[in-house]
Structures are given as structure tokens and as C-alpha cells.
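**Student:** compute the structure for the input listed below.
(3 chains)
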Amino acid sequence: MSDDIILRIVGKFLIPLVVVFALYVQFHGEYGPGGGFQAGVILGAALILYRLLFGDAAARKAVSPRWLRLQAAVGVLLYGGTGVAGILLQGQFLEYNVLLTDPINGQHLGIILIELGVLLTVSATITALAYTFSADSEEHLSDPQVDASSQSDQLRS
Amino acid sequence: MDSQLYNYWLVILLMMTGLYALIARGNLIRKIIGLNIFQVSVFMLYISAGFIREGAAPILSPNVDVYSNPLPHVLILTAIVVSVATTALGLALVIRIKAAFGSIDDDTLSYSSGDSATELSIKTQKSSQ
Amino acid sequence: MISEVIDIALLAMLWIISLQVIFTRSELTAIMVFGAFSLICAGLFLAMGAADVAFTEAAVGAGVSTLLMLNALRRCGTDRCNSSRRGVIDIRALALTGVTGAALIWGTRDLPGVGLADNPVHLHVAPRYLQASFDEIGIPNVVTSVLASYRGFDTFGEVVVVFTAGLGVWLILGSGKRNDGKADEDE
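**Tutor:** Sure thing, here's the model as predicted:
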């Protein structure tokens, strides 16, 4: 948790902007550089920044790890579901032409759905990775050697 | 014709630097950094292969008629995301190795096949005292 | 001509930076140098016309990978027990990488030059995607149309890989406990 008040105030101002930028990259991925993966990583970076500035407890209250696991699974399910919907509408797996009456509109709908699935999975996975890696659970996993713990103290300070 | 291959040679030099960092003696984390350098150099090789000298980025616009090849871009996008997935898994394994054996240095971890895990952790505790 | 010089100069700078990863004693320096390496590579990707790839590499390589390595370094600490042998070059590794590099450079003699528009790799499927993308799919970004529609099955595999990596890390490291030792879930 950072005690620096400048960081926290600027963070509170910047994090919503980063989230909006992630959504912009997601929805404009068809007209410029961008798409699901880039947007997912940027959204994950916003949540990681929140965790760095406001601490573990506040971050878990804002976005809980159980919700992140659910979100990652829902993303993959949405992608696979779009493919199976193509089969159910007498097409092939992941064929978007049959999703709507007009093939071009069907392609647009299919691409929007799968990019949404990619966004959900990538952002949830990146945030959950950062939560898991930076958890303060050394006493659960290992008994640190004397010099190893002093090294990590030096790194932490 | 030779002067247009310098890109590939420099990228191969970068690849070999990453490969050396991966297989030489050292910390396990440094090996993972070497693996990532190797991967990024391979991406550079593919993007160099798909580059067209007067071409623009492959986003269709009305007054551009030569685009760079989009297929290597798609392949490398997938490869970048897969590389971060493998890096995350590798680092998780490094953390577990540190917890189980007490050391992530290569020389300390390599032991003859007769030792067991408990003997190895006793050995690392003795060597660090 | 100028763009060639810039490319070669940037690649040489990248190589000098990457030597730091081998020869520095501190792992923290190596991780920071890797972050700089990724960012300069993103700039090089942009110079070669790959906008999407540069975006992703800057976000992923200089952002997420560096963050994960720093966290892993904090949890592992650094081992100083063998630091007396840090400056010695490993001869076997050097010989192996030298042989591999020489073989690869000898293999590039058959490749066409970089940047020519009539390379064989540009002549098969790529012109078809570039010409038909707007009529069949209707979005300007060809990389997104290829990624999401023409090669959508590979992207499905990629999403599953990302999910599997998150699952694997959760299984290996656990969900993390709070400072007071209580688990956050009962799973």
C-alpha cells in the first residue's frame, strides 16, 4: 500500500481513463490497430495499477478473484458458443455468415462476440496472474533462508 | 542482394544471445529472461519476412495500394500471447522450486541422480550458511 | 536507404542491450533491461509496418511480462552463493550457440531480400485476403478480419491457451492467502 497521497489521487483520476481507453481499443479494433488482446491487457493493467496503489484488501473488495475466475471461463465459453451457434444455424463451426440474415452483418456480429470473449478471458487472466504472483503468502509456501529474506526486504523497500 | 539480408543476420545474432542466456549457467529467472529474448527475436524474424518496403500497415484506406503482408502479423499476435502464458507458468514453477528446494541457482540445483529432495534442501542450507 | 540504416542501427543497439542480460550481476537490472528491450522491439515492429503487433508487444512485453518477473524475483530473492563465478563465459554454451547461429546464417542464403514486393510469401493467400476482406467481411483492419474470421479457429486455440495458463498458475501457486492467514475461498 502506498502512503504517497499524490500517487493515490493521480491514480484515482487515471484508472477510469485507462479503463475507458481499453474499451475504446476493444471497440475500434476493427477500424484501427487494436482488438481483444490489446484491450484485455490494458484493462488488466488498470486493475493491477489499482492493486499496487490501494493495497491487496481494497483490490480484492473491488474485483474478487472468484469473479475473475468466472469471467475467464465465461470468455472462453462465449467464444466457443459463437462457434456452436454457427453449427446450430445450419452452418459450420465458427461460420459467421449464418448468424444473421445478411452475411456481412453476421460477420460483424460474430467478430464483436468473439472479441468480447477474448477481452473477458485475457483481462481476467492477466489480473488473476498478478494477484497470485504478488500475494503476500511467503509463510504459506516456504521458509525463506536468512539471506533470501533479507534480499527480498531490500527489494521491497 | 546480400545487403538486404542484414536484417536476418542481426536478428539471428539476437536469437543466439537469448539462447546463450537460456543455456549458460545462472539463475532460473535469468534463463526465463533469455527465453523471452529468444522469442521476441523470432517474432522480429517473422515480421521482417512479411515487410514490404513501400507498404503501409494493413489497414485498408482509400489512397494506399501496397500493404504489408497481414498473415505474419496474425501469427505473431498469437505467438506473443502464448509467450506471456508460458512465461507466467515458468515463473510460477520457479517460485515453487524455490519453495521446495530453497534455491534457484543452476549449480546448486543440479545434483547426481542418487540424491533425494530432502538431501538437496539440506545441502542448500549448508552451502548458504 | 535511410530506413535500412535506421533498422540496422536499432537492431545493433538491441544486441548491445541484450548483452547486459548475460553479463550483469543483478537480476533486477536484467529484468529492467528486458523491459527496455521489449519496448525497442515494439518500435521496430512499428517501423516495419506492423501496428497491431507493436501495440501488443508494448503492452505485453514491456508491461505484463516485466511485472510478473519482478514479482517472481521478489518472492524468490537472489542467490549469491555462486556469484564468484559470474564473469566467466560458459565455453560449451558459447560453442553450441555459435554453431547454431552459423547454421542459421548459412540457411538464410536461400532467402529473398527483405522488403521486396515480389517475394514468394506475398503471392499466395495474402493478396486474396487483402482484396476480398472488405467485400466479404466489411471491416478496414485486415489483421482483425484475418484473426477473427478467416483464421478464427487459431484464435480460439489462443484464448484456450491463455485460460489454461491462468488455470495452471492458480493450481501451482494457490489462490493466495490474506496476511492474517485465512484463505479467501473454500475451494
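
**Student:** which helices and strands sit right next to the helix or strand containing B:Gly34?
**Tutor:** Element membership for B:Gly34, per DSSP states H and E: helix B:28-49. With contacts taken as 3 or more C-beta pairs under 8 Å, 6 or more residues apart in numbering or on different chains; DSSP states H and E, helix B:28-49 sits against helix B:6-23, helix B:70-101, helix B:106-109, helix C:2-23, helix C:27-47, helix C:51-59, helix C:66-76. All C-beta atoms are positioned from the backbone trio N, CA, C, and that covers glycine.

**Student:** which of these is buried the deepest?
**Tutor:** Neighbour counts (mean count of other C-beta atoms under 10 Å in any protein chain shown) averaged over each of the helices and strands packed on helix B:28-49 peak at helix C:51-59, with a mean of 25.

**Student:** show residues contacting that one.
**Tutor:** Here helix C:51-59 makes contact (C-beta atoms under 8 Å, 6 or more residues apart in numbering or on different chains) with A:25, A:32-35, A:37-38, A:41-42, A:45, B:40, B:43, B:47, B:57, B:59, B:73, B:76-77, B:80-81, C:38-39, C:41-43, C:45-46, C:141, C:143-144.

**Student:** does B:Arg30 touch B:Ala21 like I think?
**Tutor:** Yes. Counting by C-beta atoms under 8 Å, B:Arg30 does reach B:Ala21; the two are 6.2 Å apart.

**Student:** between those two, what contacts are shared?
**Tutor:** C:Val21.

**Student:** circling back: export the helices and strands packed on helix B:28-49 to JSON lines and tack on mean pLDDT?
**Tutor:** Listed next are the helices and strands packed on helix B:28-49 as JSON lines, based on pLDDT from 0 to 100:
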{"stretch": "helix B:6-23", "mean pLDDT": "90"}
{"stretch": "helix B:70-101", "mean pLDDT": "92"}
{"stretch": "helix B:106-109", "mean pLDDT": "73"}
{"stretch": "helix C:2-23", "mean pLDDT": "85"}
{"stretch": "helix C:27-47", "mean pLDDT": "91"}
{"stretch": "helix C:51-59", "mean pLDDT": "93"}
{"stretch": "helix C:66-76", "mean pLDDT": "90"}
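
**Student:** for A:Gly110, find the nearest of those.
**Tutor:** Closest to A:Gly110 of the helices and strands packed on helix B:28-49, according to C-beta to C-beta: helix B:70-101, at 16.7 Å.

**Student:** so what are the domain limits for chain C?
**Tutor:** Residue ranges for the domains of chain C, per automatic domain parsing: C:1-76, C:121-176.

**Student:** quick one: closest of those domains to A:Ala58.
**Tutor:** Using C-beta to C-beta as the measure, domain C:121-176 is the one of the domains of chain C that comes nearest A:Ala58, at 15.0 Å.

**Student:** so how far is that closest one off the chain centroid?
**Tutor:** Its chain's C-alpha centre and that of domain C:121-176 lie 16 Å apart, by C-alpha atoms, centre = their mean, to the nearest Å.

**Student:** what sits against residue 37?
**Tutor:** Let's take chain A. A:Phe37 touches A:118, A:122, B:77, B:81, C:56, counting by C-beta under 8 Å, 6+ apart.

**Student:** that's the wrong chain, I wanted chain C
**Tutor:** C:Phe37 makes contact with B:37, B:40, C:14, C:17-18, C:21, according to C-beta under 8 Å, 6+ apart.

**Student:** with B:Val82 instead?
**Tutor:** Counted by C-beta under 8 Å, 6+ apart, B:Val82 has contacts C:158, C:161.

**Student:** now the closest residue to chain C within chain A: how far from chain B?
**Tutor:** Chain A approaches chain C most closely through A:Ala135 (3.0 Å), counting by C-beta to the nearest C-beta. Using C-beta to the nearest C-beta, to the nearest Å, A:Ala135 is found at 10 Å from chain B.

**Student:** what's the neighbour count on that residue?
**Tutor:** 22 (other C-beta atoms under 10 Å in any protein chain shown).

**Student:** surely it meets A:Asp56?
**Tutor:** Yes. The pair A:Ala135 / A:Asp56 is scored as a contact, 7.5 Å apart, by C-beta under 8 Å.

**Student:** host element of the residue nearest the centre of chain A?
**Tutor:** Geometric centre of chain A, nearest residue: A:Ser123, 1.0 Å, by C-alpha atoms, centre = their mean. Following DSSP H and E, one finds A:Ser123 within helix A:103-133.

**Student:** now do that helix, average pLDDT.
**Tutor:** For helix A:103-133, the mean pLDDT works out to 93.

**Student:** and that helix, how far out from the chain middle?
**Tutor:** 9 Å.
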